[in-house]
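*Asks:* How does the following fold in three dimensions:
(4 chains)
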Number of protein chains: 2
Amino acid sequence: MCNVPGVHPDATPPTTDDLSRMLGQVLGDTAQPSVLSPVKVQSVATEVADRLMTAVAIGDYLPGERLPGERELATILDVSRATVREAIGRLQAVGIVEIKRGRTGGAYVRTSWTEATASAVRRTLLPRWPELEQLFDLRCLVEGLVARTAALRRTDEDLAAMRVALDGYAQARTLGQEQVADAAFHGAVLAATGNPKISALSRDMLTRVSLGFPVEPYGEDNREDYRRALIEHRKIYEAIAAGDAEQAGSLAEEHFTLTSDMMRDMLERAQERAAR
Amino acid sequence: MCNVPGVHPDATPPTTDDLSRMLGQVLGDTAQPSVLSPVKVQSVATEVADRLMTAVAIGDYLPGERLPGERELATILDVSRATVREAIGRLQAVGIVEIKRGRTGGAYVRTSWTEATASAVRRTLLPRWPELEQLFDLRCLVEGLVARTAALRRTDEDLAAMRVALDGYAQARTLGQEQVADAAFHGAVLAATGNPKISALSRDMLTRVSLGFPVEPYGEDNREDYRRALIEHRKIYEAIAAGDAEQAGSLAEEHFTLTSDMMRDMLERAQERAAR
DNA sequence: GATTAATGGCCTGAGCACAATACCTTTTTT
DNA sequence: AAAAAAGGTATTGTGCTCAGGCCATTAATC
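*Replies:* Modelled structure (predicted):
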């Protein structure tokens, strides 16, 4: 189940009937309207960095694999090579990739975390933790919605795709294969919603939650998480196949709590290292 | 109920057991990873224009009211006055506001639509209609999720705020009062989710759906829509108060279909005008 | 071992969006 | 008539982005 993030700010019970005043409280019109907060648009470099981080996080590029070259990425993303370089530089700075030069050079996804990554976690995540809790919660809710919608709209072809992904999961022998199968299952569920915008929302949530750290899916060394994920995926599949939206939604919400828990563990480990 | 937007693209039933090939299909890895599509970031002016349009759409500034001055907006949004001017210029171009000069000058929200607005609708909305259908669908789903979550998490204070908004709705005599009460109710439901990020998502959906046209909430001349909305709001409130997440979600999904229907009507009218 | 190819690293110049600032024009208020 | 407050306009500087070329490094190839 998703965890409610914040506490309710105040809550003196309503004792007056002054309607407009309470409407004002509800709307929050004492200050400026909520949409009129300071504007800050993302730079192209930031956007590219976010996308590359997401690509790594969702397993498009597995540990040890090489990202496309700078010139190729510039063509694909339709940006200049300088911008791609800046984005890759950020990935390198937080330890997501390491750069090799020469003929077979490029940005290679790191297999394990470095001290640079751990300190980046401390610097980046700690101040934003309350916000992250809200994002985790929202992600659980959104993924629950995805599963619920998929249960209502899935076709037989969608179910077939999910079964294929589950088979791949069961047969997977390497971490890479498991990661691919995991992404395949989630992709199949998203496709079953019949609405590409939902997929975009789900991906956006992942981007904002992962912050580029390869925490998804599941830990690096223990396969226990993967077994648990397989079991949960099977249950979710059965609920979707049965058209049981409620069951599918509840299971998915619970399933994605895994990510949240892992992030908490990771942060605690990072704090412990910092204390030493 | 939400309308499923697209048709499923292909769907030849799966006849092969070639696992990796089907996984590839599911992942879509024949082309580049989905996150690596061309990048396009929006300008500051566009962001400001979107926000102002949203502010008008959600009733922060009612018809006849004046937006903050250019210098004030520049301070609030932390952008230059030139950028604010460009954004306001766009609102003027599509007929959302009209500009007055002199001491009491400023950008005033127009009371009714102009021909400029209608043609802007034709130019802007028609090419994007398929995408809009998907966004309408997603908005229904998101608002359903909001209501469902609110039903599970609401406090007594949240319920009190909703009741106040409903009372305001019933007592409203002008369109402006109805609009305020409408926004207040939605705001109270959002607050009841206990997660500010959900509010942000809901607002974002509104921004993308409304495209800045003051189509929300409901038509300009007939109060029938408002009566229907009040009845539906009452039902939603009762479901939330009862903690019936399913009922609340279904009702909210249905409720927000209203916006979608109105957009369709509006577009048809715009097309009729264009044909004359 | 020399050559070649593919890659990242680096630099320059141009273009553009934006910010900051000053000043002008219009309209209302005093 | 003067002052005040608002929008309208013009100028200048800065930072981001792009395009292109060249260099340094490494591995594959001859």
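*Asks:* burial count for residue A:161?
*Replies:* Neighbour count of residue A:161, defined by other C-beta atoms under 10 Å in any protein chain shown: 25. To be clear about C-beta, it is placed using only N, CA and C from the backbone, and glycine gets the same treatment.
*Asks:* So it sits against residue A:189, correct?
*Replies:* No. Assessed by C-beta atoms under 8 Å, residue A:161 is found out of contact with residue A:189, at 9.1 Å.
*Asks:* any residue of the helix or strand that contains residue A:56 up close to DNA strand D?
*Replies:* Assigned by DSSP states H and E, residue A:56 falls within helix A:44-57. Yes. Helix A:44-57 reaches DNA strand D (C-beta under 7 Å from any atom of the strand) through A:44-45.
*Asks:* what's downstream of that helix, the next helix or strand?
*Replies:* helix A:70-77.
*Asks:* by how many degrees do that following helix and helix A:44-57 diverge?
*Replies:* Going by axes from the mean of the first three to the mean of the last three C-alpha atoms, to 10 degrees, helix A:70-77 is angled at 100 degrees with respect to helix A:44-57.
*Asks:* continuing past the host helix or strand of residue A:235, what's the next helix or strand?
*Replies:* With elements taken from DSSP H and E, the one containing residue A:235 is helix A:224-242. Using DSSP H and E, the helix or strand that directly follows helix A:224-242 along the chain is helix A:245-275.
*Asks:* Just list what that next one packs against, helices and strands only.
*Replies:* Packing partners of helix A:245-275 (3 or more C-beta pairs under 8 Å, 6 or more residues apart in numbering or on different chains; DSSP states H and E): helix A:115-125, helix A:129-153, helix A:224-242.
*Asks:* Give me the neighbour count for residue A:127.
*Replies:* Residue A:127 is flanked by 10 other residues according to other C-beta under 10 Å.
*Asks:* whoops, residue A:269 was the one
*Replies:* 13.
*Asks:* And the most centrally placed residue in chain A, how far from residue A:200?
*Replies:* With distances taken as C-alpha atoms, centre = their mean, the residue of chain A nearest its centroid is residue A:206 (2.0 Å). The gap separating residue A:206 from residue A:200 is 11 Å, by C-beta to C-beta, to the nearest Å.
*Asks:* hang on, the earlier thing: not counting the helix holding residue A:235 itself, show me its contacts.
*Replies:* Taking contacts as C-beta atoms under 8 Å, 6 or more residues apart in numbering or on different chains, the residues outside helix A:224-242 that touch it are A:147, A:150-151, A:154, A:159, A:162-163, A:165-166, A:169-170, A:172, A:178, A:182, A:185, A:189, A:192, A:217-219, A:247-248, A:251-252, A:254-255, A:258, A:262.
*Asks:* got the CA positions of the helix or strand residue A:182 falls within in PDB?
*Replies:* Element membership for residue A:182, per DSSP H and E: helix A:175-192. Extracted in PDB, the C-alpha atoms of helix A:175-192 (Å, rounded to 0.1, in the frame of the first residue of the first chain):
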ATOM      1  CA  LEU A 175      20.600  -9.800 -14.100                       C
ATOM      2  CA  GLY A 176      20.400  -8.200 -17.500                       C
ATOM      3  CA  GLN A 177      17.800 -10.600 -18.800                       C
ATOM      4  CA  GLU A 178      15.700 -10.100 -15.600                       C
ATOM      5  CA  GLN A 179      15.900  -6.300 -16.100                       C
ATOM      6  CA  VAL A 180      14.800  -6.700 -19.800                       C
ATOM      7  CA  ALA A 181      11.900  -8.900 -18.800                       C
ATOM      8  CA  ASP A 182      10.900  -6.600 -16.000                       C
ATOM      9  CA  ALA A 183      10.800  -3.700 -18.400                       C
ATOM     10  CA  ALA A 184       8.900  -5.800 -20.900                       C
ATOM     11  CA  PHE A 185       6.200  -6.600 -18.400                       C
ATOM     12  CA  HIS A 186       5.700  -3.100 -17.400                       C
ATOM     13  CA  GLY A 187       5.700  -2.000 -21.000                       C
ATOM     14  CA  ALA A 188       3.000  -4.600 -21.800                       C
ATOM     15  CA  VAL A 189       0.800  -3.400 -19.000                       C
ATOM     16  CA  LEU A 190       1.200   0.200 -20.100                       C
ATOM     17  CA  ALA A 191       0.400  -0.700 -23.700                       C
ATOM     18  CA  ALA A 192      -2.800  -2.500 -22.400                       C
END
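*Asks:* and the helix or strand just after that helix, what does it pack onto?
*Replies:* Moving toward the C-terminus from helix A:175-192, the next helix or strand (DSSP H and E) is helix A:196-210. On a contact count with 3+ C-beta pairs under 8 Å, 6+ apart, helix A:196-210 meets helix A:44-57, helix A:129-153, helix A:175-192, helix B:129-153.
*Asks:* and stretch A:135-149, C-alpha only, in CSV?
*Replies:* Output in CSV follows, covering the C-alpha atoms of stretch A:135-149 (Å, rounded to 0.1, in the frame of the first residue of the first chain):
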residue,chain,number,x,y,z
LEU,A,135,6.7,11.4,-5.4
PHE,A,136,7.0,7.8,-4.3
ASP,A,137,3.5,8.0,-3.1
LEU,A,138,2.2,9.5,-6.3
ARG,A,139,4.1,6.9,-8.3
CYS,A,140,2.4,4.1,-6.4
LEU,A,141,-0.9,5.7,-7.1
VAL,A,142,-0.2,6.2,-10.8
GLU,A,143,1.0,2.7,-11.3
GLY,A,144,-2.0,1.4,-9.5
LEU,A,145,-4.1,3.4,-11.9
VAL,A,146,-2.2,2.0,-14.8
ALA,A,147,-2.9,-1.6,-13.6
ARG,A,148,-6.5,-0.8,-12.9
THR,A,149,-7.0,0.7,-16.4
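*Asks:* residues of it that come out buried?
*Replies:* Neighbour-count burial for stretch A:135-149, counted by 16 or more other C-beta atoms under 10 Å in any protein chain shown, picks out A:135-149.
*Asks:* ok so, going back, is any residue of the helix holding residue A:56 near chain B?
*Replies:* Yes. Contact of helix A:44-57 with chain B (C-beta under 8 Å from any C-beta of the partner chain) involves A:44, A:47-48, A:51-52, A:54-55.
*Asks:* The residue nearest to the centre of chain A and residue A:138 touch, don't they?
*Replies:* No. Using C-beta under 8 Å, residue A:206 makes no contact with residue A:138, being 11.5 Å away.
*Asks:* Residue A:99 in helix, strand or coil?
*Replies:* strand (DSSP: H, G, I helix; E, B strand; the rest coil).
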